[in-house]
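Chemist: I would like the atomic coordinates for the input below:
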Amino acid sequence: MMSVSEATLKALKQLGLTEYETQAYLALVGGGQMGASDISAKSKVPYSRIYDVLGRLEEKQFIQVKRGRPTIYVAKSPTEVVRVIRLDWEQKLEDSSKLVVEELQPLFEQETKVTTRDVYVMHGRAAILSKAVEMLESTKEEVLLSIPGLDLDIEDLAAVTENVLAVKAHTRILTSSVPDSVKPLIPSNFEVRTRERVFGVGLVVDERQTLIMLAGGNSDTEFLGIYSSASLFASMARAYFESLWTDSSPL
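Modeler: Purely as a prediction, here's the structure:
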């Protein structure tokens, strides 16, 4: 079997291969087309197990099989293997996510009508940005967003910015700067205004959901998010947004 790093062996395991499957695939990668007996000898996989192992590798789309007398096995290129696995995982994730949301979200919303937490605090940048994306994906009528800058190169804000730009509803954005590279991406249904300074990130969706994000320090865990599903909170946030909007300059 060809010599590879421990990191690559671990990666192959994470991609779904057992130890025997890894040994057989590596033997084919390094040895070209081979029959089952040669693969067994080169990979050290017992001959009694080799057909079962090769069958699973074919099923997982790591190898091709040329059936005949004898049957010949050929490794698929690592680039092709990884692309197929990624597409398969993405499809499974999409299907699973759709099923979970469609069945469980109505139950969650029904339960929270009784035990709703109108306002709660979130800690950590990832949790807050995830909530912002969730809010944007649920938009039906209007988005109000205040954000320090519409810079897609800033990792923390890129996810929010990209999802905002995908919103079809009427959207107003208040920011301190808009890079020239982003201006052509702004849809026609957007209104953008700028002012000298914009603190933190504020998001109001459909006058019913509000999210405020503040940075409390350098650590990810020091990011503080305040989320509310209360219409009163959204009305207050909207009024503050409107006051800033009035004193800002159209893009």
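Chemist: Show which residue of the protein lies farthest from the average position.
Modeler: residue 69 (46.7 Å; CA atoms, centre = their mean).
Chemist: residues in contact with residue 237?
Modeler: The neighbourhood of residue 237, defined by CB atoms under 8 Å, 6 or more residues apart in numbering, consists of 144, 202, 204, 210, 212. The way it works is simple: take the backbone N, C-alpha and C, and place the C-beta from them, glycine included.
Chemist: ok, now with 10 Å
Modeler: By CB atoms under 10 Å, 6 or more residues apart in numbering, the contact set of residue 237 is 144, 146, 202, 203, 204, 207, 209, 210, 211, 212, 226, 228.
Chemist: tell me which element the residue lying closest to the fifth one once chain neighbours are set aside falls in.
Modeler: Nearest non-adjacent residue to residue 204, counting by CB to CB, 6 or more residues apart in numbering: residue 144, 4.2 Å away. Using DSSP states H and E, the element containing residue 144 is strand 142-147.
Chemist: and residue 247, what does it touch?
Modeler: Contacts of residue 247 by CB under 10 Å, 6+ apart are 193, 195, 196.
Chemist: And residue 190, by the same measure?
Modeler: 143, 145, 164, 165, 167, 170, 171, 172, 173, 251.
Chemist: which of those residues tops the neighbour count?
Modeler: residue 145 (26 neighbours; other CB atoms under 10 Å).
Chemist: And that one, how far from residue 22?
Modeler: 48 Å (CB to CB, to the nearest Å).
Chemist: Check residue 169 too.
Modeler: For residue 169 relative to residue 22 (CB to CB), the value is 49 Å.
Chemist: which helices and strands does the strand holding residue 144 pack with?
Modeler: Applying 3 or more CB pairs under 10 Å, 6 or more residues apart in numbering; DSSP states H and E, one finds that strand 142-147 contacts helix 125-137, helix 155-165, strand 170-175, strand 190-194, strand 201-205, strand 209-215, helix 231-246.
Chemist: rerun that using 8 Å as the cut-off
Modeler: Under the contact criterion of 3 or more CB pairs under 8 Å, 6 or more residues apart in numbering; DSSP states H and E, strand 142-147 touches helix 155-165, strand 170-175, strand 201-205, helix 231-246.
Chemist: Next, the angle from that strand to strand 201-205.
Modeler: Strand 142-147 runs at 180 degrees relative to strand 201-205, counting by axes from the mean of the first three to the mean of the last three CA atoms, to 10 degrees.
Chemist: For strand 142-147, give the mean pLDDT please.
Modeler: Averaging pLDDT along strand 142-147 gives 88.
Chemist: quick one: contacts of it?
Modeler: Against strand 142-147 from outside (CB under 8 Å, 6+ apart): 136, 157, 160-161, 164, 167, 169-175, 198, 200-207, 237-238, 241, 244.
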